[in-house]
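What shape does this take:
(2 chains)
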Protein chains: 2
Amino acid sequence: MRITSLAREARVEVRFRPFLLGPLFKAQGWNTSPFVLFPAKGRYMWRDVERLCADLDLPFRRPENFPQNSLLAARVALIGLRASWGEEFCCSVFRAEFNDGRQIDEQTVIADLLTGLRVEVGPVLEAAHADGIKAQLRRETEQAQQLGIFGAPSFVTPDNELFWGNERLQRALDWVTSKREASDWL
Amino acid sequence: MRITSLAREARVEVRFRPFLLGPLFKAQGWNTSPFVLFPAKGRYMWRDVERLCADLDLPFRRPENFPQNSLLAARVALIGLRASWGEEFCCSVFRAEFNDGRQIDEQTVIADLLTGLRVEVGPVLEAAHADGIKAQLRRETEQAQQLGIFGAPSFVTPDNELFWGNERLQRALDWVTSKREASDWL
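As a prediction, this is how the structure comes out:
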């Protein structure tokens, strides 16, 4: 919710890259979210998210069902990122799941979100089920894994430095700007 | 390394409470550190610690052996915290493992650290192997688990709010001071 404005302030260009967590979790031997697999950690994480959202003045409601399958949402996001509405769509998916109590694995919910962004639903859903987008999401997920990513959100800098988690966003931006300042002196 | 000075600035009293991570990890189904069990996450965590230490101007060298058994170190820390040298001893153990390339599971290393703090070694090691201290460490570890702790460092506020990880230290202190300010108005 805050990456776009923080990146703009830092004059850092951000490219959203949707991927699936499921295959990355599977590679670590997990068949679902670590929040579910490790209950003490899970309890803490939900409380932590609740406190963080309060600090950031972001509304938050813990989803009844978690995790939710984000396959369709990720495919639609890839389409949106080729057009102009990708980043807004990503934010709307997070709001739907983590505030509005909606099921983002339901096609009708994704359709609603698209309508809310004044995007024509039919062609997008058709493209989302086409082989090209399916293959692109698989490639993006494989590349996330190759970059060493194991969770979300993750931030990768141009020099391939990996930062994981909301609390590393500012550090990731600082990393990029400090490298830029260093190269200004060359 | 920074909790004592940050807490002093915030006028928050801190009580160090050593416990064993092993039993807490075991409760999550882990037989060693998650850094070892989940290699992608482990690679990231070491790099993250390296960057964090650089940001904080703390020397850091990744230990050749990890994790190391902290049973003796934790028992000695409990003894030190009854006396005046507990906090300094804790810091010296972390420096030994994460900077000086020493094995903190070796009794001779613990003895060296005590000598460095001008503490008489013999009586401390004897007390560390006595039933009283063994039982106290077991109780402390059980209580950590009851408090919902699943990793270290963890910070628990007087109203039982749990914060986990170096990056939550300031937030934990802020939690305590904001409650104090709120109660000042009652």
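
mind showing which ranges of chain A have poor pLDDT?
By pLDDT under 70, the low-scoring segments of chain A are A:185-186.

mind listing the helices for it?
For chain A, applying DSSP state H gives helices covering A:3-10, A:21-27, A:34-37, A:39-55, A:71-82, A:86-98, A:107-116, A:121-128, A:131-146, A:169-184.

what about the closest residue in space to residue A:80 that isn't next to it in sequence, how many residues close to it?
In space, residue A:80 comes closest to residue A:86 once its chain neighbours are excluded; the distance is 3.4 Å by CB to CB, 6 or more residues apart in numbering or on different chains. Every residue, glycine included, has its C-beta placed from N, CA and C. Neighbour count for residue A:86, taken as other CB atoms under 10 Å in any protein chain shown: 19.

Residue A:67 now?
16.

what residues does chain A put near chain B?
A:24, A:27-29, A:37-38, A:40-41, A:43-44, A:47-48, A:51, A:55, A:145, A:148-151, A:162-164, A:167-168, A:171 (CB under 8 Å from any CB of the partner chain).

mind running it again at 10 Å?
Residues of chain A lying close to chain B by CB under 10 Å from any CB of the partner chain are A:24-25, A:27-30, A:34, A:37-45, A:47-48, A:51-52, A:55, A:145, A:147-151, A:154, A:161-165, A:167-168, A:171, A:174-175.

thinking again about what came up before, would you agree the residue nearest to residue A:80 is in contact with residue A:73?
No. Under the criterion of CB atoms under 10 Å, residue A:86 is not in contact with residue A:73, lying 11.5 Å apart.

so what's in contact with the two at the same time?
residue A:18 (CB atoms under 10 Å, 6 or more residues apart in numbering or on different chains).

if we can go back for a sec, figure out which of the helices of chain A is closest to residue B:17.
The minimum distance between residue B:17 and these falls on helix A:39-55, with 17.0 Å, by CB to CB.

Alpha carbons only: can I get that closest one in PDB?
Provided in PDB are the C-alpha atoms of helix A:39-55 (Å, rounded to 0.1, in the frame of the first residue of the first chain):
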ATOM      1  CA  PRO A  39       0.900 -22.100  15.100                       C
ATOM      2  CA  ALA A  40       2.900 -20.100  17.700                       C
ATOM      3  CA  LYS A  41       4.600 -18.100  14.800                       C
ATOM      4  CA  GLY A  42       1.200 -17.800  13.100                       C
ATOM      5  CA  ARG A  43      -0.500 -16.300  16.100                       C
ATOM      6  CA  TYR A  44       2.300 -13.800  16.500                       C
ATOM      7  CA  MET A  45       2.300 -12.900  12.800                       C
ATOM      8  CA  TRP A  46      -1.400 -12.100  12.700                       C
ATOM      9  CA  ARG A  47      -1.000  -9.900  15.800                       C
ATOM     10  CA  ASP A  48       2.000  -8.300  14.300                       C
ATOM     11  CA  VAL A  49       0.100  -7.500  11.000                       C
ATOM     12  CA  GLU A  50      -2.700  -6.100  13.100                       C
ATOM     13  CA  ARG A  51      -0.400  -3.700  15.000                       C
ATOM     14  CA  LEU A  52       1.500  -2.800  11.800                       C
ATOM     15  CA  CYS A  53      -1.700  -1.800  10.000                       C
ATOM     16  CA  ALA A  54      -2.800   0.200  13.000                       C
ATOM     17  CA  ASP A  55       0.600   2.100  13.000                       C
END
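
angle of it against helix A:86-98?
Here the directions of helix A:39-55 and helix A:86-98 differ by 120 degrees (axes from the mean of the first three to the mean of the last three CA atoms, to 10 degrees).

So which elements touch helix A:39-55?
helix A:34-37, helix B:21-27, strand B:162-164, helix B:169-184 (3 or more CB pairs under 10 Å, 6 or more residues apart in numbering or on different chains; DSSP states H and E).

The shortest one - which strands sit beside it in the sheet, and in what orientation?
Just to be clear, that refers to strand B:162-164. Take DSSP bridges as the rule and strand B:162-164 pairs in its sheet with strand B:154-156 (antiparallel).

what's next to the partner strand, contact-wise?
Residues contacting strand B:154-156 (CB under 10 Å, 6+ apart): A:44, B:3, B:7, B:12, B:14-15, B:17, B:19, B:24, B:143-144, B:147-149, B:161-165, B:168-169, B:171-173, B:175-176.

likewise stretch A:7-15?
A:3-4, A:6, A:81, A:86-87, A:155-158, A:169-170, A:172-177, A:180.

A PyMOL selection for those residues, restricted to the buried ones, would help me check which they are.
Remark: buried members of the contacts of stretch A:7-15, expressed as a PyMOL selection using 16 or more other CB atoms under 10 Å in any protein chain shown:
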select buried, chain A and resi 3+81+86+87+155+156+169+172+173+175+176
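
Centre of the chain to stretch A:64-72, how far?
Put simply, stretch A:64-72 sits 13 Å off its chain's centre (CA atoms, centre = their mean, to the nearest Å).

which residues are in contact with it?
A:18-22, A:25, A:32-36, A:42, A:46, A:76-77, A:93, A:96-98, A:101-107, A:109-111, A:125, A:128-129, A:134, A:137, A:152.

Same question for it: list its buried residues.
In stretch A:64-72, counting by 16+ other CB under 10 Å, buried: A:67, A:68, A:70, A:72.

Figure out the length between the terminal residues of that stretch.
One end of stretch A:64-72 to the other measures 19 Å (CA to CA, to the nearest Å).

Next, the contact list for the residue nearest to residue A:80, please.
Residue A:86 neighbours (CB under 10 Å, 6+ apart): A:15, A:16, A:18, A:76, A:77, A:78, A:79, A:80, A:117.

same check, this time on residue A:95
Neighbour list for residue A:95: A:1, A:58, A:59, A:60, A:102, A:104, A:113 [criterion: CB under 10 Å, 6+ apart].

Thank you, goodbye.
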